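Peer 1: Next comes the sequence, and after it the predicted model I'd like to discuss.
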Amino acid sequence: MNDLPRRLRRLEPVELAVLPGVDVRRAADPLARLLGLAGLRALPHGSALLLPRTRSIHTCGMRFALDLLWLDGDGRVLRADRGVRPWRLRSCRAASQVVELPSPVDP
C-alpha cells in the first residue's frame, strides 16, 4: 500500500489466511518490534502489523485504538481484543503471535 508509513513499507509483507486482502507487515527485527505502531497518527484501513513470538503487548505511545488478533503457531485466532486504547497492556499466554489492526473505535 502506498499510504503505509515509510517505516512499515520496508517490512516484509506476509499473507495471513485469517485476514485475506489485508496488507500485513511482519515486525521481525528488534527495531521494528520496538517501534511497532507507536507514534504513528494512524494506520490505513486494510493494513496491519504482525508481531511474531509475542504473547503480550503494550499500547504506550499509541495515538489510536487497536484491534488485536492473538494467533497460535498455525495462524489460528485464539482471541480478539477490540478497541484497545492507548497506554494499555494486553496478553494471551497461549498465543505465539499477535496482529495489530486499526480499530474503528476512537480512544
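Peer 2: Thanks, I have the structure now. Residues are numbered from 1 along each chain as shown.
Peer 1: Run through the helices of the chain in chain order.
Peer 2: 6-9, 30-35 (DSSP state H).
Peer 1: What mean pLDDT does the first one get?
Peer 2: The predicted model gives helix 6-9 an average pLDDT of 93.
Peer 1: Partner strands of whichever strand in the chain runs longest and their direction?
Peer 2: Longest strand of the chain, by residue count under DSSP state E: strand 77-84. Paired strands of strand 77-84, with direction, are strand 66-71 (antiparallel) (DSSP bridges).
Peer 1: And for Arg7, the neighbour number?
Peer 2: The tally of other residues near Arg7 (other Cβ atoms under 10 Å) stands at 16. For the C-beta atoms, the positions are set from N, CA and C on the backbone; glycine is no exception.
Peer 1: do Pro30 as well
Peer 2: Neighbour number of Pro30 under other Cβ under 10 Å is 8.
Peer 1: Let me see the contact set for it.
Peer 2: Contact criterion Cβ atoms under 8 Å, 6 or more residues apart in numbering gives no residues in contact with Pro30.
Peer 1: nearest residue to Ala27 other than its sequence neighbours?
Peer 2: Nearest residue to Ala27 in three dimensions, chain neighbours excluded: Arg33, at 5.0 Å (Cβ to Cβ, 6 or more residues apart in numbering).
Peer 1: so where's the protein shaky on pLDDT?
Peer 2: 1-2, 106-107 (pLDDT under 70).
Peer 1: ok, what's across the strand from the residue nearest in space to the middle of it?
Peer 2: Closest residue to the average C-alpha location of the chain: Glu100 at 1.9 Å, with Cα atoms, centre = their mean. In this entry, Glu100 is beta-bridged to Leu49, Leu68, by DSSP bridges.
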